[in-house]
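> here is my input; please provide its structure:
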Amino acid sequence: MIKELSFLEKVNQYPKTTYIYHTKIEERLAMHSHNKHQLTYVEGGVAYLKTNDNSYFLPARHYVWIPAGMEHFIELKTPISIIRNIYIPTHILNSNEFYSKMGIYPASNLIMEMILFTENWSENIFKKEKSKYQYIKTLGTIIAEISKNPLPVVLPTTTNERLSPILKHIHLHLDQPLLLKEVAQLFGFSSRSLSRLFRDTLDISFLQYVKLTRIIRSMEKLLQTEMSISEIAYVSGYNSPATFSNTFYNLVKLRPVDFRKINREISE
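Numbering: from 1, shown residues only. Coordinates of the predicted model:
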């Protein structure tokens, strides 16, 4: 009896092929890596890219580039329409520094059309399939040329036993005031020791972590609900819609209303 290969075994089976995989079924993978670069676009739903150190929000109309060898997994927070994956062998791309760094980038119309064009291609693309092989090389070249500004919202993660319950508390109470002194007291820390724990473990401050978590929560609401900007501001922990809008702009370089409009318009 021939053993059926697992999904990851299929990706790595032929080191010199591009592996194409468009699916409506979520592959529930643990933390893993593979010997090919990964280009992934998630249609519909809310997704996160998890690495050993960080959690990256993957909003609508954005794709993620994962360099070969990087440990990761994609966590889906809501039902999705389809996941589009292209696994590209490292040797067919040039030495552009872009390929060695993980990043989440806006998907232009050109990139979206090029990804969609591969929808009916099945699994491995060998070099002898000259037109398809060249197409993938061209896709990789174009992505490196036009993808200049990765999404800057990155949330550090940790398995630190002292800090993990505090991070969970923050996520569960974003719509409430989250003050360093009060959270520290709740978990038996001084303000100074908790502040140091955040710095030493996550390399950001308590306030920065709360701000990033609130912005990511607001991005989810902007893309997944019909709530008004004011309502989203309040459930994300902001007392003022103007403060929320300014904070969002400083991080994302778009106003919340524009972020919602752009992502929804292009995704429809």
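> doesn't Arg199 make contact with Ser205?
Yes - at 6.5 Å, Ser205 counts as touching Arg199 under the criterion of CB atoms under 8 Å. Just so you know, the C-beta spots here come from the backbone N, C-alpha and C atoms, and that holds for glycine as well.
> for the stretch 151-268 of the chain, which segments are assigned as helices?
Taking DSSP state H, counting those that start in this stretch to define them, one finds helices in the stretch 151-268 of the chain at 164-172, 180-186, 191-202, 206-224, 229-235, 241-252, 256-267.
> give me whichever of these is most buried.
Among the helices of the stretch 151-268 of the chain, judged by mean count of other CB atoms under 10 Å, the one packed with the most neighbours on average is helix 206-224 (a mean of 20).
> check which helices and strands it sits against.
Other helices and strands packing on helix 206-224, by 3 or more CB pairs under 8 Å, 6 or more residues apart in numbering; DSSP states H and E, are strand 54-58, strand 154-156, helix 164-172, helix 180-186, helix 191-202, helix 229-235, helix 241-252, helix 256-267.
> want to throw these into JSON lines with distance to Leu222?
JSON lines is the format used below for these (distance: least, CB to CB, whole Å):
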{"stretch": "strand 54-58", "distance to Leu222": "11"}
{"stretch": "strand 154-156", "distance to Leu222": "17"}
{"stretch": "helix 164-172", "distance to Leu222": "18"}
{"stretch": "helix 180-186", "distance to Leu222": "26"}
{"stretch": "helix 191-202", "distance to Leu222": "25"}
{"stretch": "helix 229-235", "distance to Leu222": "6"}
{"stretch": "helix 241-252", "distance to Leu222": "9"}
{"stretch": "helix 256-267", "distance to Leu222": "4"}
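> ok, of these, where does mean pLDDT dip lowest?
Mean pLDDT is lowest for helix 256-267 among the helices and strands packed on helix 206-224, at a mean of 78.
> where does pLDDT dip in this protein?
Scanning the chain for pLDDT under 70 picks out 1-3, 25-27, 264-268.
> quick one, domains of it?
Using automatic domain parsing, the domains assigned to the chain come out as 7-146, 159-267.
> tell me how far the ends of the first one are from each other?
One end of domain 7-146 sits 31 Å from the other (CA to CA, to the nearest Å).
> roughly how far is it from the heart of the chain?
For domain 7-146, the separation from the chain centroid amounts to 12 Å (computed by CA atoms, centre = their mean, to the nearest Å).
> burial count for Lys16?
Counted with other CB atoms under 10 Å, residues neighbouring Lys16 total 14.
> please report the distance of the residue lying closest to it once chain neighbours are set aside from Arg217.
Excluding the flanking residues, the one nearest Lys16 by CB to CB, 6 or more residues apart in numbering is Pro89, at 5.4 Å. In this view, Pro89 and Arg217 are 38 Å apart by CB to CB, to the nearest Å.
> and for Asn109?
Applying CB to CB, the value for Asn109 to Arg217 is 29 Å.
> just Asn12 next, same as before
From Asn12 over to Arg217 the distance is 36 Å, taken as CB to CB.
> can you check Thr17 too?
Distance, Thr17 to Arg217, using CB to CB: 40 Å.
> and for Leu254, the neighbour number?
Neighbours of Leu254 under the rule other CB under 10 Å: 14.
> no no, Lys101
Burial of Lys101 is recorded as 11 neighbouring residues (other CB under 10 Å).
> same thing with Lys127?
Each residue near Lys127 was counted by other CB under 10 Å, and the total is 13.
> go on, Gln38?
Neighbour tally, Gln38, other CB under 10 Å: 22.
> now swap in the one 5 residues further on and tell me
Burial measure for Glu43: 16 neighbouring residues, criterion other CB under 10 Å.
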